[in-house]
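Participant: Turn this into a model:
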Amino acid sequence: MRVGMLGVGHWHAGMHAKGVLEAGAQIAGVWDPEPDAATRSVAQSGGVARPDAAAVLADRPDLVIALGRGPEAATRLAWLIEHDTPILADKPIGLSHADVAPLAEMARQRDRFVAVALVNRIAGVIDALGDAGRTAHVYFRIVNGHPRRYRDWGVPWMLDPRQSGGGALRNLGVHGVDAFLALAGEQPVRVEHAAFHSIFGEAVEDYASVVLRAADGMLGLIEAGYTHPDAGGSYEFRINAQHAALVDSGTQLIAVPDRALDPAAYVPSSQRYSRFVADTLACLAAGRPPAVSLTEFARATELIDQAYRRMG
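Facilitator: Just a heads-up that it's a prediction; the model follows:
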């Protein structure tokens, strides 16, 4: 399969390119508003730098990986949906639910294949829960390093809410919100509590704590931050159910009480972006829906917007 890439100046572009190559696919046309970014991507991962997005589509790729900044990403995604191009999109997509919801409806009405890279869905954690009874509560923490890293990576716009739509909650916490929604299924979910903090003087929050409640009473605590003291981070996804608990540390999955887990079914966090690309290509080839759809992403953004409204 041949994969085009748009917006390769995004800090996740290398992870997606790695996934394309590891899946045995070929990188075709590559484009970014900054030509130097496209040149660097081609040098690192292959493909051919194209002068614009239309030229990437002219290559007739089987899938387009679309990355970018808020308003531009939403506009570009609408254009791709109109062209009936299978898409793997990475956040940010627009600035809010108001930007994402029309795109999700457009994709639904036109029956388009649009995956969104909420990569923890393919980690195998929720599947490993098995028949553990009703879930009581969920804890999802993702706290990465200082926000200066976005300047170091050449994407300082991530610290501008007019381009990113928010800080740690919008960027990182969406993974936890999506995990909670995956466990909740179709039942209604609301924001019970939200708190924000900033110690680095940026225009976006560098820490957020959000409590979600599903209609059946299941609670979820989502923590997201840019406050880890070094270049690493702190990650944990814990599910406590009636009869068992699972703890995903990002490097291993532990069941309590102890029981055998299939190690091949678990994907550590370092491999999730590349494996998500492979899973997306497999879904596309088999005619299956993607692991995370644009509709599911829109549902997560609606809850994030609810949380932000509590900030004021």
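
Participant: who's in contact with the nearest residue to Ala245 once chain neighbours are set aside?
Facilitator: Among residues not flanking Ala245 along the chain, Val256 sits closest, at 4.4 Å (C-beta to C-beta, 6 or more residues apart in numbering). In this view, the C-beta of every residue, glycine as well, is placed from N, C-alpha and C. Residues near Val256 by C-beta atoms under 8 Å, 6 or more residues apart in numbering: 244-247.

Participant: Now do the strands in the stretch 151-300 of the chain.
Facilitator: Taking DSSP state E, counting those that start in this stretch as the criterion, the stretch 151-300 of the chain contains strands spanning 189-197, 207-214, 219-225, 233-241, 245-248, 253-256.

Participant: Which positions within the fourth one qualify as buried?
Facilitator: Neighbour-count burial for strand 233-241 flags 233-235, 237-241 (criterion: 16 or more other C-beta atoms under 10 Å).

Participant: Check which helices and strands it sits against.
Facilitator: Applying 3 or more C-beta pairs under 8 Å, 6 or more residues apart in numbering; DSSP states H and E, we find strand 233-241 packed against helix 125-128, strand 135-144, helix 174-184, strand 245-248.

Participant: ok, now how distant is the closest residue in space to Val174 that isn't next to it in sequence from Val116?
Facilitator: In space, and not counting its chain neighbours, Val174 is closest to Ala300: 5.3 Å by C-beta to C-beta, 6+ apart. From Ala300 across to Val116, the span is 9 Å (C-beta to C-beta, to the nearest Å).

Participant: what number of residues lie near Asp36?
Facilitator: As a burial measure, Asp36 scores 11 neighbours (other C-beta atoms under 10 Å).

Participant: hang on, it in a strand?
Facilitator: No. If the criterion is DSSP: H, G, I helix; E, B strand; the rest coil, then Asp36 is helix and not within a strand.

Participant: picking that back up, output the contacts of Val256 in TSV, with neighbour count and pLDDT appended to each entry.
Facilitator: Compiled in TSV, the contacts of Val256 are given as follows (neighbours: other C-beta atoms under 10 Å; pLDDT from 0 to 100):
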residue	neighbour count	pLDDT
Ala244	18	94
Ala245	17	96
Leu246	20	96
Val247	16	97
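
Participant: want to try TSV for those residues, with distance to Gly19 as columns?
Facilitator: What follows is the contacts of Val256, written out as TSV (distance: C-beta to C-beta, whole Å):
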residue	distance to Gly19
Ala244	31
Ala245	30
Leu246	25
Val247	26
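
Participant: my guess is Asp69 meets Trp157, correct?
Facilitator: One correction, residue 69 is Arg, not Asp. Yes. Counting by C-beta atoms under 8 Å, Arg69 touches Trp157, with 5.3 Å between them.

Participant: Neighbour count for those two, which is higher?
Facilitator: Arg69 (24 against 16).

Participant: OK, contacts around that one?
Facilitator: Contacts of Arg69 (C-beta under 8 Å, 6+ apart): 7, 92, 155, 157, 163-164.

Participant: Skip the chain neighbours and tell me the closest residue to Gln157.
Facilitator: In this structure residue 157 is Trp, not Gln. Gln163 (4.0 Å).

Participant: can you count the residues close to the one you found?
Facilitator: 19.

Participant: C-alpha coordinates for the host helix or strand of Ala28, PDB please?
Facilitator: Per DSSP states H and E, Ala28 falls inside strand 26-31. Included here for strand 26-31 are C-alpha records, laid out as PDB according to Å, rounded to 0.1, in the frame of the first residue of the first chain:
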ATOM      1  CA  GLN A  26       5.500   2.700   1.000                       C
ATOM      2  CA  ILE A  27       5.600   6.400   1.700                       C
ATOM      3  CA  ALA A  28       4.500   8.200  -1.500                       C
ATOM      4  CA  GLY A  29       4.000  12.000  -1.700                       C
ATOM      5  CA  VAL A  30       5.000  14.200   1.300                       C
ATOM      6  CA  TRP A  31       4.100  17.800   1.900                       C
END
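
Participant: Show residues contacting stretch 258-265.
Facilitator: By C-beta under 8 Å, 6+ apart, stretch 258-265 touches 124, 127-128, 244, 253, 255.

Participant: How far does it sit from its chain's centre?
Facilitator: Averaging C-alpha positions (C-alpha atoms, centre = their mean, to the nearest Å) puts stretch 258-265 25 Å from its chain's average.

Participant: measure that stretch end to end?
Facilitator: Using C-alpha to C-alpha, to the nearest Å, one end of stretch 258-265 lies 17 Å from the other.
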